[in-house]
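Asks: Here is the input, now give the coordinates:
(one chain, ligands or ions: 1)
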Amino acid sequence: MSGSLTIAGLGPGDAALVTPEVSAALSEATDVLGYAAYVARVPAREGLRLHPSDNRMELARAGEALRLAAGGNSVVIVSSGDPGVFAMAATVFEALEAAPQWKDVAIRVLPGVTAMLAAAARAGAPLGHDFCAINLSDNLKPWPVIEKRLRLAAEADFAIALYNPRSVGRPDGFGRALDVLRDAGCSKRIVIFAHAVTTPKERIETVSLTEARPEMADMTTLVIICNSQTRRVGGFVYAPRRVS
Ligand code: SAH
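Replies: Residues are numbered from 1 along each chain as shown. Model (predicted):
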């Protein structure tokens, strides 16, 4: 019996944003692994084993998923949003690199709607021109790297999507990031705080960088620093596609 490992994105929260391809993979799975809050979004059924784990157990979870797949199971490892954006897909390949005995496991990555796109759609079209995404967590990279990327993205006038802006364990980084962007001359830029997008707790706040406060973000927030050309129209913001 040959098993498989599917790395799937569940989208930002709303069940309507789980792709049909991901739903099909889940309906055929024997085992689903992932951070407990994401596994809880997978409907339970007979014959499906759920393996919730802690958020910090990512490499161990990836190894376990490969082991189960090599044993002949249909394994799905779930992430929120898209599995390739600051999530499990890269972790699985890292585990694979360290464990060549599993190189023949059939692996596929199924995309999902990443938080940045769901947030941008709610706000209007802030990613209508060039943009980048930066993970503000310094768990896996040193803070000076984050600061350098923020400065250069500001200088290049990218719209900047900030993932993992602030957590209980990292209360200060986001305030420092706002200071870096203000020092880089971005004070007039529009900032979107998109909380828990597509869930019942959704809340979208749009302010200027001068008004932005660290407390406006937590781990359920996706922050978009708009580019300098971004304008308001009605209740929306949009980045013009033409830049002079
Ligand atoms: N793979 C995920 C990102 C994981 S990092 C994706 O593609 O969306 C986790 C961060 O994503 C959170 O700290 C937050 O910044 C963002 N995020 C995830 N879901 C969100 C949602 N529904 N609303 C706003 N931000 C969200």
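Asks: residues in contact with the nearest residue to Ala60 once chain neighbours are set aside?
Replies: Counting by C-beta to C-beta, 6 or more residues apart in numbering, Ala60 lies nearest to Ser53, which is 7.5 Å off, once chain neighbours are set aside. For glycine as for every other residue, the C-beta is placed from the backbone atoms N, C-alpha and C. Counting by C-beta atoms under 8 Å, 6 or more residues apart in numbering, Ser53 makes contact with 33-36, 60-61.
Asks: Identify the bridge partners of Ser53.
Replies: In this structure, Ser53 has beta-bridge partners Tyr35, where bridges are defined by DSSP bridges.
Asks: where's it relative to Pro171, distance?
Replies: Remark: distance between Ser53 and Pro171 (C-beta to C-beta, to the nearest Å) = 25 Å.
Asks: ok, now Ala25?
Replies: To Pro171, Ala25 is 37 Å away according to C-beta to C-beta.
Asks: neighbour-wise, which of the two wins?
Replies: Ala25 (21 against 12; other C-beta atoms under 10 Å).
Asks: Kindly tell me how buried the residue lying closest to the more buried one once chain neighbours are set aside is, as a neighbour count.
Replies: Closest residue to Ala25 apart from its sequence neighbours, by C-beta to C-beta, 6+ apart: Thr6 at 4.7 Å. A count of nearby residues for Thr6, using other C-beta under 10 Å, gives 25.
Asks: leaving aside the residues next to it on the chain, what's closest to the residue of the chain found nearest the ligand?
Replies: As assessed by C-beta to the nearest ligand atom, the ligand sits closest to Gly81 within the chain, at 2.0 Å. In space, not counting the residues next to it along the chain, Gly81 is nearest to Thr114; the distance is 4.2 Å by C-beta to C-beta, 6+ apart.
Asks: wait, the one you found sits on Ser79?
Replies: No: taking contact to mean C-beta atoms under 8 Å, the distance of 9.7 Å between Thr114 and Ser79 leaves them out of contact.
Asks: shared neighbours of those two, anything?
Replies: With the criterion set as C-beta under 8 Å, 6+ apart, the overlap between the contacts of Thr114 and Ser79 is Gly9.
Asks: Quick check: which element contains Arg61?
Replies: helix 58-70 (DSSP states H and E).
Asks: That helix packs against which elements?
Replies: strand 4-9, strand 31-35, strand 49-53, strand 74-79, helix 88-98 (3 or more C-beta pairs under 8 Å, 6 or more residues apart in numbering; DSSP states H and E).
Asks: Same list, those, but as TSV with mean pLDDT please.
Replies: Output for the helices and strands packed on helix 58-70, formatted as TSV (pLDDT from 0 to 100):
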stretch	mean pLDDT
strand 4-9	98
strand 31-35	97
strand 49-53	96
strand 74-79	98
helix 88-98	96
